[in-house]
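# Got a sequence here, can you build the structure:
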Amino acid sequence: MWHDLTHLGVSVPDKILRTVVVYLALVVLLRLAGKRDLAQLNSFDLIVVLLLSNVVQNAVIGPDDSLLGGLVGAAVLIGANAFLVHIVRPWRGAAALLEGTTTVLARSGRWIPEALRREGVRQPDMEAALRRQNAYSIHDVEQLKLEPGGTIVVDLEPSRQNATKADVDRLEAKLDRLLSG
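Purely as a prediction, here's the structure:
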């Protein structure tokens, strides 16, 4: 039993190389697939991600199905990810290459159809995102952006933004001056 759990079916360097190559290939494929797939998963995207893990499993483990082989693969995946996140990502050029850059999907109350098409997002999905961020229509929006991680950011027109406590305090002070003067 212990032999089956601890005997690697492939060498450790082979296991490391397989895992790193598959990890990097998936990073590239997901980058090419677009930002939408990273954070705005619909049912079809989720199915692809789940199946993707199964499709690449044999490429990572090879003929090795030992417990130790799985732990080595898991450690290499976590290490490769930590390397990319903590070492490579802080470099602006590397981050832009790996994650992409912010894409403006709408500006001054108008959609940018080419940007929507390029990013593979549908206007109705973006309209739903608008409503989640207190905009009722594209006309309320100064700028709608799709960030590299897939987050949708809506900047409302100044006249549509909610008042802050500081805004209310300024108005109260102004009113007090008018009433006392």
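# Go ahead and name everything in contact with stretch 65-75.
Under the contact criterion C-beta atoms under 8 Å, 6 or more residues apart in numbering, stretch 65-75 has outside partners 4-10, 12, 15-16, 18-19, 60-61. (C-beta placed from N, C-alpha, C; glycine too.)
# and those residues, which are buried?
For the contacts of stretch 65-75, a burial check counting by 16 or more other C-beta atoms under 10 Å picks out Leu8, Val10, Lys15, Ile16, Arg18, Thr19, Val60, Ile61.
# of all these, which comes closest to Ala82?
Thr19 (13.4 Å; C-beta to C-beta).
# elements contacting the helix or strand that contains that closest one?
With elements delineated by DSSP states H and E, Thr19 resides in helix 12-33, which encompasses its position. Contact partners of helix 12-33 among helices and strands, from 3 or more C-beta pairs under 8 Å, 6 or more residues apart in numbering; DSSP states H and E: helix 43-61, helix 67-83, helix 92-99.
# the inter-axis angle of the second one versus helix 43-61?
Computed by axes from the mean of the first three to the mean of the last three C-alpha atoms, to 10 degrees, the angle separating helix 67-83 from helix 43-61 equals 120 degrees.
# between helix 67-83 and helix 12-33, how many degrees?
Going by the same axes, to 10 degrees, helix 67-83 makes 50 degrees with helix 12-33.
# Can I get helix 67-83 as PDB, trimmed to CA atoms?
Coordinates of the C-alpha atoms in helix 67-83 are reproduced here as PDB (Å, rounded to 0.1, in the frame of the first residue of the first chain):
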ATOM      1  CA  LEU A  67      -0.300  10.400  -3.700                       C
ATOM      2  CA  LEU A  68       3.200  11.800  -3.600                       C
ATOM      3  CA  GLY A  69       3.100  12.600  -7.300                       C
ATOM      4  CA  GLY A  70      -0.200  14.600  -6.800                       C
ATOM      5  CA  LEU A  71       1.300  16.500  -3.900                       C
ATOM      6  CA  VAL A  72       4.500  17.300  -5.900                       C
ATOM      7  CA  GLY A  73       2.200  18.600  -8.800                       C
ATOM      8  CA  ALA A  74       0.100  20.600  -6.400                       C
ATOM      9  CA  ALA A  75       3.200  22.200  -4.700                       C
ATOM     10  CA  VAL A  76       4.700  23.100  -8.100                       C
ATOM     11  CA  LEU A  77       1.400  24.700  -9.200                       C
ATOM     12  CA  ILE A  78       1.200  26.800  -6.100                       C
ATOM     13  CA  GLY A  79       4.800  27.700  -6.400                       C
ATOM     14  CA  ALA A  80       4.500  28.700 -10.000                       C
ATOM     15  CA  ASN A  81       1.500  30.800  -9.300                       C
ATOM     16  CA  ALA A  82       3.200  32.500  -6.300                       C
ATOM     17  CA  PHE A  83       6.200  33.200  -8.500                       C
END
